[in-house]
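[1] only geometry, no sequence info:
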């Protein structure tokens with residue numbers, strides 16, 4: 001019983017640490033030294049329970065197949081998911097837009113156009 005409590009506490013701490021570090025990195029990336037009077041710890045004050053939920057759910061699913069085959073500790077999963085989610089700002093549409101914009105600028109490939117063409121082909125398939 002003591003080991004389970006310690007494990008649960010470790011997962012909760014890793015989830016909180018991932019969310020805090022993700023928010024700090026996001027804020028430092030968005031506002032690089034524009035206002036030196038602003039305290040970076042003010043970002044951590046906005047940490048709430050919904051910020052921890054994605055990592056905790058992923059840590060719970062880590063013990064199910066096929067994820068258990070990778071042998072990744074649950075605290076690593078909780079930290080990583082919350083770090084990435086907080087770094088993305090909780091809005092995955094913005095992440096998708098920024099990634100597709102970077103790909104289009106670097107390679108000239110319009111991923112949005114390719115994906116929309118694939119969706120239209122699958123939705124209106126007259127071959128079957």
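    Alright, I've got the coordinates. The structure presented is a predicted model; accordingly, all values stated were derived computationally and were not measured.
[2] For the protein, which residues score under the pLDDT cut-off?
    30-45, 90-92, 95, 118, 121-128 (pLDDT under 70).
[3] How is it divided into domains?
    2-90, 91-128 (automatic domain parsing).
[4] Can you say which of those is packed in most?
    Highest mean neighbour count of the domains of the chain: domain 2-90, a mean of 15 (counted as mean count of other CB atoms under 10 Å). For every residue, glycine as well, the C-beta is placed using N, CA and C.
[5] gap between it and the chain center?
    Offset of domain 2-90 from its chain centre (CA atoms, centre = their mean, to the nearest Å): 8 Å.
[6] show me what contacts the residue sitting nearest the centre point of the chain?
    Central residue of the chain (CA atoms, centre = their mean): residue 85, 2.3 Å from the mean position. By CB atoms under 8 Å, 6 or more residues apart in numbering, the contact set of residue 85 is 19, 22, 51, 54, 55.
[7] Rebuild the residues you listed as CSV, extending it with secondary structure and distance to residue 76.
    Formatted as CSV, the contacts of residue 85 follow (DSSP: H, G, I helix; E, B strand; the rest coil; distance: CB to CB, whole Å):
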residue, secondary structure, distance to residue 76
19, helix, 15
22, helix, 15
51, helix, 18
54, helix, 14
55, helix, 10
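[8] mind putting these in CSV, distance to residue 73 included?
    Formatted as CSV, those follow (distance: CB to CB, whole Å):
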residue, distance to residue 73
19, 18
22, 19
51, 21
54, 17
55, 13
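[9] what's the closest of those residues to residue 89?
    Residue 89 lies nearest to residue 22 out of these, by CB to CB, at 8.9 Å.
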